[in-house]
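Undergrad: based on what follows, work out the 3D shape:
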Amino acid sequence: MLSVVENCFSPRTAAFFDLDKTVIAKSSTLTFSKSFYQGGLINRRAVLRTAYTQFVFMAGGADHEQMEKMRAYLSALCKGWNVQQVREIVAETLHDLIDPIIYDEAATLIEEHHTAGRDVVIVSTSGAEVVEPIGELLGADRVVATRMVVGDDGCFTGEIEYYAYGPTKAEAVKALAESEGYDLARCYAYSDSVTDVPMLESVGHPHAVNPDRALRREATLREWPILVFNRPVRLKQRLPAFSMPAPPSWRRQRSERRRSPPDWSGTPAADAPPQRCRDRARRSNATEKPRAARKEWRQGSGRRAGKSGDQVGGALKAALFPTSAYRSTDQPDSPSIE
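TA: Residues are numbered from 1 along each chain as shown. From the prediction side, this is the model:
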C-alpha cells in the first residue's frame with residue numbers, strides 16, 4: 001500500500017523596488033519630457049514646467065500634496081497622446097536617457113537578489129508605458145505601474161485606470177504575494193519616499209534608500225536600514241573589462257625578424273630564401289655602420305676622443321664605402337696606391 005507523501009517546498013520570496021530615486025536617479029516620467037517635445041507630444045512651455053517639477057522632485061522629494069498635483073498635471077498633459085507613439089519614443093531613447101542614471105548600488109542589489117533566488121518586482125507610480133521597458137532593461141521579473149485609460153482611437157483619455165501610489169502599492173504587493181506564493185515575512189522592499197511606508201511595512205525586510213526627511217525619521221524610529229545610493233553608472237560599464245589577447249607567436253616572431261635581419265650563412269641551400277632577399281639584407285647591414293659614423297661625426301665624439309681629422313675622415317670613409325659589401329668574389333683585389 002502506497003502512502004501519500006506531501007512535498008513541502010519553501011515559500012518563494014521577492015524584492016520590491018520603487019523606481020524613481022531608488023533605482024534611477026531621476027523621475028522616470030519627467031526624464032522623457034524632451035523626447036516627448038521632439039516627438040511633438042508637448043510644447044516648449046510644458047518642457048519648462050516638467051523641468052521645474054523635476055528640480056523640485058530631486059531637491060527634496062515630493063509629499064502627498066505634491067504627488068497629487070503632479071498626477072493631475074500629467075493626466076491632463078498626456079490626454080490625446082497616441083499610446084503607440086509614446087511606446088516608440090520610450091524605446092528609442094531608453095538607453096540614452098535611463099541607462100546613464102541607474103544607480104550602481106541598485107543594480108548590484110538586483111543581481112544579488114536574483115542570485116539568492118528571489119524575484120525582483122518594480123513598483124512605480126509612473127505610467128506602465130515608461131516603467132515596463134525600464135523594468136525589462138533592469139532584468140525585473142514583474143512590474144507594477146500606473147495604467148491610463150486608452151480610448152478606441154488608441155489615445156489616452158486623460159483618466160486613470162489604476163493608480164500605483166501609497167496604500168495601493170501595498171495592496172499590489174499583497175496581491176502578488178497571494179498569487180505567486182511569496183512569503184512577505186521573508187521579502188524585501190526598497191523606497192525613498194514616505195508615501196511608500198505602507199509597502200515597506202508589509203514586508204519583513206524594509207529598507208529606506210536616499211530617504212526624504214519624513215521617511216528618514218520614520219526609518220530611524222522603526223530601526224529600518226537606511227541606504228545611500230549615489231553612483232549612477234551605465235549597465236555596460238558594470239561588465240568586466242575585456243583585455244586584448246596576446247599576439248600570436250608567429251606575429252611576434254615576424255616582428256622580431258623585422259627588427260634584426262636574419263643570418264642565412266649556415267642555412268642549407270634548399271631552405272635559403274631567394275638571392276634578392278639575401279642581397280637586400282646584406283645592403284641593410286651595410287648601411288648601419290654609415291649611420292653610426294655620421295651620428296658620431298655630428299656629435300663630435302671624434303674630437304672629444306682626441307682623434308685627428310684624417311683619422312675620423314678615414315673611419316667615416318671606410319664606413320660609407322665598404323669594399324666588401326658589393327664587391328664580387330670573382331674579381332681580384334685592386335692594387336693599393338702607394
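Undergrad: please enumerate the helices of the protein.
TA: If you assign secondary structure with DSSP state H, the helices in the chain sit at 28-31, 33-38, 44-60, 64-77, 83-97, 104-115, 128-138, 167-180, 197-200, 213-222, 249-259, 275-299, 301-304, 309-320.
Undergrad: what packs against the first one?
TA: Spelled out, it's helix 28-31. The criterion is 3 or more CB pairs under 8 Å, 6 or more residues apart in numbering; DSSP states H and E, and the helices and strands that helix 28-31 contacts are helix 44-60, strand 119-127, helix 128-138. Where you see a C-beta, it was placed from the backbone N, CA and C, and this is true even at glycine.
Undergrad: what's the least confident stretch among those?
TA: Ranked by mean pLDDT, these end with helix 44-60 at the bottom, a mean of 58.
Undergrad: contact partners for Arg186?
TA: Applying CB atoms under 8 Å, 6 or more residues apart in numbering, we find Arg186 in contact with 11, 13, 204-205.
Undergrad: please repeat the previous calculation with a cut-off of 6 Å.
TA: 13, 204 (CB atoms under 6 Å, 6 or more residues apart in numbering).
Undergrad: distance of it from Val86?
TA: 37 Å (CB to CB, to the nearest Å).
Undergrad: can you count the residues close to Lys26?
TA: For Lys26, the count of nearby residues is 16 (other CB atoms under 10 Å).
Undergrad: for Lys169, see how far away it is.
TA: 20 Å.
Undergrad: do the same with Glu111
TA: Computed as CB to CB, the Glu111 to Lys169 distance reads 23 Å.
Undergrad: try Tyr103
TA: Tyr103 sits 20 Å away from Lys169, going by CB to CB.
Undergrad: looking at the two, which is more packed in?
TA: Applying other CB under 10 Å to Tyr103 and Lys169 shows that Lys169 carries more neighbours, namely 26 against 22.
Undergrad: before we move on, what's the pLDDT of Lys26?
TA: In the predicted model, Lys26 carries a pLDDT score of 85.
Undergrad: what of the one 3 residues further on?
TA: Note for Thr29: predicted pLDDT of 77.
Undergrad: low-confidence regions, the stretch 51-200 of the chain specifically.
TA: Flagging of the stretch 51-200 of the chain using pLDDT under 70 yields the residue ranges 51-67.
Undergrad: the nearest residue to Phe36 once chain neighbours are set aside and Leu30: what is the separation?
TA: Of all residues not flanking Phe36 in the chain, Ile42 sits nearest, at 5.0 Å (CB to CB, 6 or more residues apart in numbering). Summarising the geometry, the distance separating Ile42 from Leu30, computed by CB to CB, is 11 Å.
Undergrad: out of the two, which sits in the more crowded spot?
TA: Using other CB under 10 Å, the more surrounded residue of Ile42 and Leu30 is Leu30, with 23 against 20.
Undergrad: burial count for the closest residue in space to Val194 that isn't next to it in sequence?
TA: Here the nearest residue to Val194 in space, its sequence neighbours aside, is Ala214; by CB to CB, 6+ apart that works out to 3.7 Å. Look at Ala214: counted by other CB under 10 Å, it has 15 neighbours.
Undergrad: please consider this matter closed, and thank you.
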